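1. here is my input; please provide its structure:
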Amino acid sequence: MKSLDKLNPLAKKIWLRLITEYPDWESYFSSDERDDLEVAVPAPQGSNAGHLIISTAEGKDIWLRFSPPCMFYAIDDLDEMLAVIKSLLTEEVCMVAITEGDDWAETTLIARGQKISLEPGQTAQFVSWSGSHDKILTA
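-> Okay, the predicted model is just below:
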C-alpha cells in the first residue's frame, strides 16, 4: 500500500481507526490509483462471504461488502463502521441481498433470527461471516 499521507482524509481516518481496532489486518490494506482505501479481510474457510471489504469511494463514502454480487452496504460514519464490522464478525447480523429474478432489489443487514418480508417473486440470500447462518429464502 502507498503511504498513509497519500490517502484522502476519509481514507486516513478509516485506516487509523481500523489499524487501532484490528492491528492484524494491516496486510489486507491497499489503495487504488487515486487516494481511496480498500481493506479486504479473508473470511474463514468454508464461508461464502469470501472477504469483508471496507472501502472509501472518492473520499466521500464508506462501503462494507462481502465478495458475492450485490452484498454491499453504505456506512454513515466511522462509529457505525466499527459497530457493523463487529456485528458481522460476531454474526449478530447477516448481510442479505434481495433480488427479483435477475434484478437486484436491495441489500440490508438482518439480525440473526429476525424475520424478513419478501414480495412475491423475490429471493433473499443471507450470508454470514462463518457461513453457518447462510440461507436462501424465496417468496
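2. for the protein, give me the ranges with low pLDDT.
-> In the predicted model, the chain carries pLDDT under 70 at residues 1-3, 32-33.
3. can you show me the strands along it?
-> 29-31, 37-42, 51-57, 61-66, 72-75, 93-100, 103-111, 122-127, 135-138 (DSSP state E).
4. and the first one, what other elements does it pack with?
-> Packing contacts for strand 29-31, counted by 3 or more C-beta pairs under 8 Å, 6 or more residues apart in numbering; DSSP states H and E, involve helix 9-21, strand 37-42. No exception for glycine: its C-beta is placed from N, CA and C like everyone else's.
5. winner for burial among the ones you listed?
-> When those are scored by mean count of other C-beta atoms under 10 Å, the highest mean neighbour count falls to strand 37-42 (a mean of 19).
6. pairing partners for it, with directions?
-> Strand pairing for strand 37-42, determined by DSSP bridges: strand 29-31 (antiparallel), strand 51-57 (antiparallel).
7. and the closest residue to residue 59 other than its chain neighbours, how many neighbours?
-> The shortest distance from residue 59 to any non-neighbouring residue, by C-beta to C-beta, 6 or more residues apart in numbering, is to residue 8 (3.5 Å). Using other C-beta atoms under 10 Å, the number of residues around residue 8 comes to 17.
8. list the contacts of residue 8.
-> For residue 8, the contact set (C-beta atoms under 8 Å, 6 or more residues apart in numbering) comprises 34-36, 56, 59.
9. thanks a lot, catch you later.
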